[in-house]
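> Next input, structure requested:
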Amino acid sequence: MPLATLGTFILWFGWFGFNGGSELKLSNIDEANAVAQVFVNTNMAAAGGLIAAMIASKLFFGKADITMALNGALAGLVSITAEPLSGSNVVSMLIGAAGGLIVVGSITLLDRLKIDDPVGAISVHGVCGIWGLMAVLFTSADATLVGQLTGLGAILGFTFVASLIVWFLIKMVMGIRIGEEEETLGSDMTDIGVEAYPEFTR
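Here you go, the predicted model:
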C-alpha cells in the first residue's frame, strides 16, 4: 500500500504537466493565468475524488478503504481532464467527487460481475473517462450533447478496433494466457523466482 500510495502521488503530480501542458504555451499573462486555473481545477478534482471515494467506501464497506481512496483521486483527475479550464474550482471539485463516487460503484460492480480488473483501471480510466467527457456539458458553453457523444463514439470505436487487432496479433505470436500451473503458483514465482506479495502466502 505505501508503494501504491506513492504511485498515486506521482501520477497526481504528473497530471499538472499533463493538463497544464494542454494550454501549449505560457508566453503571455492570459495563458499563464489559464495554466494556473488548470492547475487549481486539476488539484481540486483529484482532492474531491479522493474524499468522495473514501467516504463512499466507509459507508458501503464499513471502513475507509485506501485503495478506493487512491482510485478516487485518479478518478477525479481523469474526470476533469476533458476540460480542466472552463469550470470554477468548486465545480471542478464536484466533477472530481462524482468521479470518486462512480469509481467505487464501478469497481464494486465489475467485481460482482467477475470481470478481472485488479487495479480498477477500467473503472478509473474507462468509466470515469466517459463521465469526464459528459461533464464538459456542465462547464463549457460550446459543448453539445451530440458533440460529446460523437467524440465518445469515436474514442470507443478506435480503442475497440485497435485493441482487437493488437491483442489478436499478440495472441497469434506469443499468446496472452499463462499456463494453469503458472496461474496456481503465480507468475512472479514462475518468471522471477520470488513472491512479489509474501504477505498473501501461507
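
> And the helices in this structure?
For the chain, the helices defined by DSSP state H cover 2-20, 29-61, 66-81, 89-112, 121, 128-139, 145-173, 180-185, 187-192.

> Tell me which helix or strand comes right after the fourth one.
This means helix 89-112. Using DSSP states H and E, the helix or strand that follows helix 89-112 in sequence is helix 121.

> Just the mean pLDDT for that following helix, thanks.
Across helix 121, the average pLDDT comes to 90.

> which residues touch Thr81?
By C-beta atoms under 8 Å, 6 or more residues apart in numbering, the contact set of Thr81 is 15, 18-19, 42, 129, 132. All C-beta spots, glycine's among them, are computed from the backbone N, C-alpha and C.

> go with 10 Å
For Thr81, the contact set (C-beta atoms under 10 Å, 6 or more residues apart in numbering) comprises 15, 18-19, 22, 38, 42, 45, 125, 128-129, 132-133.

> And the closest residue to Ala135 other than its chain neighbours, how close does it get to Ser123?
In this structure, Ala135 finds its nearest non-sequential neighbour in Ile95, 4.7 Å apart by C-beta to C-beta, 6 or more residues apart in numbering. Using C-beta to C-beta, to the nearest Å, one obtains 16 Å as the distance from Ile95 to Ser123.

> Among those two, which residue is more densely surrounded?
Legend: neighbour count by other C-beta atoms under 10 Å for Ile95 and Ser123, higher for Ile95 (30 against 27).

> if I read this right, Val90 contacts Ala47, doesn't it?
No - judged on C-beta atoms under 10 Å, Val90 makes no contact with Ala47 at a distance of 11.7 Å.

> These two: who's more crowded?
Neighbour count, other C-beta under 10 Å: between Val90 and Ala47, Ala47 has more, with 19 against 11.

> Hmm, the more buried one is touching Ala53, no?
No - if you go by C-beta under 10 Å, Ala47 and Ala53 don't touch, sitting 11.0 Å apart.

> So for these two, which residues contact both of them?
72-73, 76, 96-97, 100.

> ok so, going back, show me which of the contacts of Thr81 are buried.
15, 19, 38, 42, 45, 125, 128-129, 132-133 (16 or more other C-beta atoms under 10 Å).

> now the residues you listed in JSON lines, with pLDDT and distance to Ala82?
Formatted as JSON lines, the buried ones among the contacts of Thr81 follow (pLDDT from 0 to 100; distance: C-beta to C-beta, whole Å):
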{"residue": "Trp15", "pLDDT": "93", "distance to Ala82": "13"}
{"residue": "Asn19", "pLDDT": "89", "distance to Ala82": "10"}
{"residue": "Val38", "pLDDT": "93", "distance to Ala82": "12"}
{"residue": "Thr42", "pLDDT": "95", "distance to Ala82": "12"}
{"residue": "Ala45", "pLDDT": "96", "distance to Ala82": "11"}
{"residue": "His125", "pLDDT": "93", "distance to Ala82": "12"}
{"residue": "Cys128", "pLDDT": "95", "distance to Ala82": "10"}
{"residue": "Gly129", "pLDDT": "94", "distance to Ala82": "8"}
{"residue": "Gly132", "pLDDT": "95", "distance to Ala82": "4"}
{"residue": "Leu133", "pLDDT": "94", "distance to Ala82": "5"}
